[in-house]
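S.K.: Here you go, sequence then predicted model.
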Amino acid sequence: MSDNYESRKVGRDTAKSGITVSTAYTSDEGYETAILDSKGAYPVERYKDIKTAELGHGKWVVLAETIKEITELPPSVATFLLERKITLVP
């Protein structure tokens, strides 16, 4: 896949809360949704194919309106790292 985000993007939406949901294909993790706030980007869900990525993106767009905390996923190759809780800062 190209390094161009636009060609890899499944969806990118910013909620009224100020939280952005970005779902795209990544070369290392496949399809992935990340939550973006004023401090960074945090992967929250990974998918086996584009159809489940589209469904997952829609779910996170709805959640982004009200969520205050998420669980960030570690890279799948870093089995020694644990998921961590992130308090979102719009």
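M.R.: Sure thing, it's come through.

S.K.: all helices of this protein, in order?
M.R.: Counting by DSSP state H, the segments of the chain that form helices are 5-8, 50-63.

S.K.: deepest of the ones you listed, which one?
M.R.: Among the helices of the chain, helix 50-63 has the highest mean neighbour count (mean count of other Cβ atoms under 10 Å), at a mean of 16. Every residue, glycine included, has its C-beta placed from N, CA and C.

S.K.: hang on, the earlier thing: output the helices of the chain in a markdown table; the columns should cover mean pLDDT.
M.R.: Output for those, formatted as a markdown table (pLDDT from 0 to 100):
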| stretch | mean pLDDT |
| --- | --- |
| helix 5-8 | 93 |
| helix 50-63 | 98 |
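
S.K.: The ones you listed: which one's closest to Gly30?
M.R.: Minimum separation from Gly30 across those (Cβ to Cβ) falls at helix 50-63, 8.5 Å.

S.K.: name the helices or strands packed onto that closest one?
M.R.: Helices and strands touching helix 50-63, by 3 or more Cβ pairs under 8 Å, 6 or more residues apart in numbering; DSSP states H and E, are strand 9-14, strand 20-26, strand 30-36, strand 41-47.

S.K.: quick check: mean pLDDT across the shortest one?
M.R.: Along strand 9-14, the predicted local confidence has a mean pLDDT of 98.

S.K.: Which elements pack onto that strand?
M.R.: Counting by 3+ Cβ pairs under 8 Å, 6+ apart, strand 9-14 packs on strand 20-26, helix 50-63.

S.K.: Of all the ones you listed, which one is nearest Ala78?
M.R.: Per Cβ to Cβ, nearest to Ala78 of the helices and strands packed on strand 9-14: strand 20-26, 14.4 Å.
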